[in-house]
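>>> Predicted coordinates and the sequence they were generated for:
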Amino acid sequence: MSKLKSARDLTVLDRMALIDSIKESLAEGTLEIGDAVRRLRVEVTGLHQSQFAKMCKISVRTLVHIEHGEGNQTLKSLNAVFRPFGMKMGVVRIRRDTI
């Protein structure tokens, strides 16, 4: 049985692969934004909510709301939590299978 590595034990390549995996799940719609933010915070950075919120220059309350999918978050707040991972919110084309 493989043991999950803590964030501090991840190599740069491990972190990049994890970020790419989370990014792909977001794009496919199999991962909610709040769950993605929590996974990035915990699994990639290993930071507590207060530490991560300070790093992103948002309030802990805003971070909690984002992670729980509550409220109506601003693009500014969402971009603030994704920026450390080289991501930002955007618009993507929806593929139409039937025309």
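Here it is on my side, so go on.
>>> Helix or strand for the most centrally placed residue in the chain, just tell me which one.
Central residue of the chain (CA atoms, centre = their mean): V37, 2.8 Å from the mean position. Counting by DSSP states H and E, the element that carries V37 is helix 33-39.
>>> So what's the gap between the next helix-or-strand element following that helix and the chain middle?
For helix 33-39, the following helix or strand on the C-terminal side (DSSP H and E) is helix 49-56. Distance of helix 49-56 from its chain centroid, counting by CA atoms, centre = their mean, to the nearest Å, is 13 Å.
>>> Could you do stretch 28-37 as well?
Worked out by CA atoms, centre = their mean, stretch 28-37 lies 8 Å from the chain centre.
>>> does the residue nearest to the centre of the chain really touch N79, like I thought?
No: applying CB atoms under 8 Å, one finds V37 not in contact with N79, separated by 11.5 Å. (C-beta placed from N, C-alpha, C; glycine too.)
>>> coming back round to it: show the average pLDDT along the helix holding V37.
Average pLDDT, helix 33-39: 97.
>>> before we move on, back to that, tell me the spacing between the residue nearest to the centre of the chain and S25.
12 Å (CB to CB, to the nearest Å).
>>> just I19 next, same as before
Counting by CB to CB - I19 and S25 are separated by 11 Å.
>>> out of those two, which sits in the more crowded spot?
With neighbours defined as other CB atoms under 10 Å, I19 and S25 compare such that I19 has more, 19 against 15.
>>> Now do L10 against N79, distance only.
When L10 is compared with N79 (using CB to CB), they lie 24 Å apart.
>>> Please identify which of those two sits among more neighbours.
Set L10 next to N79 and count neighbours by other CB under 10 Å: L10 wins out with 17 against 14.
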